[in-house]
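In: Quick one: sequence and predicted model below, then my questions.
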Amino acid sequence: MKHYQVLIIGGGTGGIMTAAQLKKKDKQLSVGLIEPSKTHFYQPAWTLVGAGTYDFEDTKRNEADYIPRGVDWIKDKATAIDPESNTVKTAQNNSFSYDYLVVTPGLTIDLGLLPGLEEAMATDVVGSIYTDPKKVWHMLKSFEGGNAVFTQANTPIKCGGAPQKIMYLAEDHFRKRGIREQSNVIFATPGSVIFGVKEIAKTLSKIVIDRDIVFKTFYAPESVDAEKQEITFSFMNSHLQNCAMVVDKALGEEMVGETKIKVKYDLLHLAPPQRAPDFIRDSPLSIQEGPNKGWMEVDIHSLRHVRFPNVFGLGDVVALPTAKTGAAIRKQAPVVVENVLESMKTNSLSKLKYEGYSSCPLVTRYGRMVLAEFKYNNVRDSDPFLSKLMDTSKEQYSMWLLKKYGLPFLYWNMMLRGRM
């Protein structure tokens, strides 16, 4: 059994950033990184791929090119964690021990959690930028009018703004093709608002109204019928007074009992159901009860596990009251690194704390973007430098350039190299 001072599970954004920053701080540190994939993807650009304005091949790089020097790449998949014995087992029947464990394997997309979705995804008119952005672009090009429904599963999802980003781009694309008058663009969400941050919600609400987008709140997808091209939603607030469903017959909506509504679609885009990986759900590291059941339990500021002091978590797998984004990881990784190193030296935590920062580059049309930055409790937390130059809560061409060119450059050349 090989032993590491720091063992990292996951070679995505969180794992690579953490490994790179650890080795920059201490070149002598023994670090192992468990990751089976040979290809690393820049997934934030998949929205643009789905709208035909970014090449999918440009989102791919070789994983080997980004493993930091001096880090052992364990080309295997973690299958079990035993935090009592400080060991991790892998699919190739190997075991590794550690002094400190950093858990950042991302999440799992599970189509089976939404009945009928797997069959529907096999058709030409249902897709997701989360799984196949190239197919989504084909769907947009082939669409000739009718109901274009954009929605998201009633589970935690990564990049919570992505379902409406592709919706805005699709709506703009339909205008450019001259089919907008024949199209109903519908954004249906299980949530209660268009966005949680007040200043950003104000901008997006105006866009929705001005562009005649049908906005449905409290709509939680319950099943999909691929043959009939129908999606059924549960109305989340049917139990509240003065919050009744309104059936829109112009959209072909149909009541199903007292709390469900059926909608016809000619194009359907979903953020599919997502959950923590099995080996996390089945481990003592996961939350056992409640709405966050199965996700990894950490202190929201130190990112240290609440029961195992030598285990830290970051990225999509952890249960934090903020959005699961790469921008969040950029702020989480330095906190984990400092706390691991301080724990090694003094058996205590550093003064650095994670305040819940995340950001969502909300592309609102071709050539325009709103940059939503926030921290815990949906408090706006804009970059001081950018805020001096412009109001990032408004649509900006410069923000589009940042999304399409600036952020990918920073990701590959700065974030993954441990430089920011």
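Out: Nice, I can see it. On a predicted model such as this, the values are computed, not experimentally measured, just so you know. Numbers count the residues shown, from 1 in each chain.
In: Once you drop chain neighbours, what's closest to the residue nearest the centre of the chain?
Out: When CA atoms, centre = their mean is applied to the chain, the residue found nearest the centroid is residue 158 (1.6 Å). Spatial nearest neighbour of residue 158, excluding adjacent residues (CB to CB, 6 or more residues apart in numbering): residue 324 at 4.3 Å. C-beta: built from backbone N, CA, C; applies to glycine.
In: give me every residue that touches the residue nearest to the centre of the chain.
Out: For residue 158, the contacting residues are 43, 106-107, 130, 274, 316, 324-325, by CB atoms under 8 Å, 6 or more residues apart in numbering.
In: can I assume the residue nearest to residue 158 is in contact with residue 314?
Out: No: using CB atoms under 8 Å, residue 324 makes no contact with residue 314, being 10.5 Å away.
In: before we move on, the earlier item: for the residue nearest to the centre of the chain, give its distance to residue 328.
Out: 10 Å (CB to CB, to the nearest Å).
In: Mutual contacts of these two, please.
Out: Common contact partners of residue 158 and residue 328 (CB under 8 Å, 6+ apart): none.
In: List the buried residues for the longest helix belonging to the chain?
Out: Longest helix in the chain by number of residues (criterion: DSSP state H): helix 326-346. Buried residues in helix 326-346, defined by neighbour count with 16 or more other CB atoms under 10 Å: 326-341, 343.
In: burial count for the residue nearest to residue 158?
Out: Residue 324 sits with 20 neighbouring residues when counted by other CB atoms under 10 Å.
In: Relative to residue 253, how far out is the residue nearest to the centre of the chain?
Out: As for residue 158, its distance to residue 253 is 29 Å (criterion: CB to CB).
In: Who are the packing partners of the helix or strand bottoming out on mean pLDDT in the chain?
Out: Sorting the helices and strands of the chain by mean pLDDT, DSSP states H and E puts helix 384-389 at the bottom, at a mean of 71. The contact analysis (3 or more CB pairs under 8 Å, 6 or more residues apart in numbering; DSSP states H and E) places helix 384-389 against no helix or strand.
In: Run through who's touching that helix.
Out: 371, 392.
In: switch to 10 Å and redo it
Out: Residues outside helix 384-389 that contact it (CB atoms under 10 Å, 6 or more residues apart in numbering) are 371, 373, 380, 382-383, 392-393, 396, 398-399, 402.
In: Extract the CA atoms of that helix and return them as PDB.
Out: Output of helix 384-389 as PDB, limited to C-alpha atoms (Å, rounded to 0.1, in the frame of the first residue of the first chain):
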ATOM      1  CA  PRO A 384     -13.400  45.400  -7.300                       C
ATOM      2  CA  PHE A 385     -11.400  46.000 -10.400                       C
ATOM      3  CA  LEU A 386     -14.200  45.100 -12.900                       C
ATOM      4  CA  SER A 387     -16.700  47.100 -10.900                       C
ATOM      5  CA  LYS A 388     -14.700  50.300 -11.400                       C
ATOM      6  CA  LEU A 389     -14.800  49.800 -15.200                       C
END
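In: which strands and helices sit next to the following helix or strand past it?
Out: Under the assignment DSSP states H and E, the closest C-terminal helix or strand after helix 384-389 is helix 397-401. Helix 397-401 sits against strand 358-365, strand 368-375, helix 384-389, with contacts defined as 3 or more CB pairs under 10 Å, 6 or more residues apart in numbering; DSSP states H and E.
In: wouldn't residue 269 be in contact with residue 140 here?
Out: Yes: counting by CB atoms under 10 Å, residue 269 does reach residue 140; the two are 9.1 Å apart.
In: The two: who's more crowded?
Out: residue 269 (26 against 21).
In: how about that one, what does it touch?
Out: Residues in contact with residue 269 (CB under 10 Å, 6+ apart) are 50, 125-130, 136, 139-140, 148-152, 162-163, 166-167, 170, 187.
In: what about 8 Å?
Out: Per CB under 8 Å, 6+ apart, neighbours of residue 269: 126-129, 136, 139, 148-151, 163, 166-167, 170.
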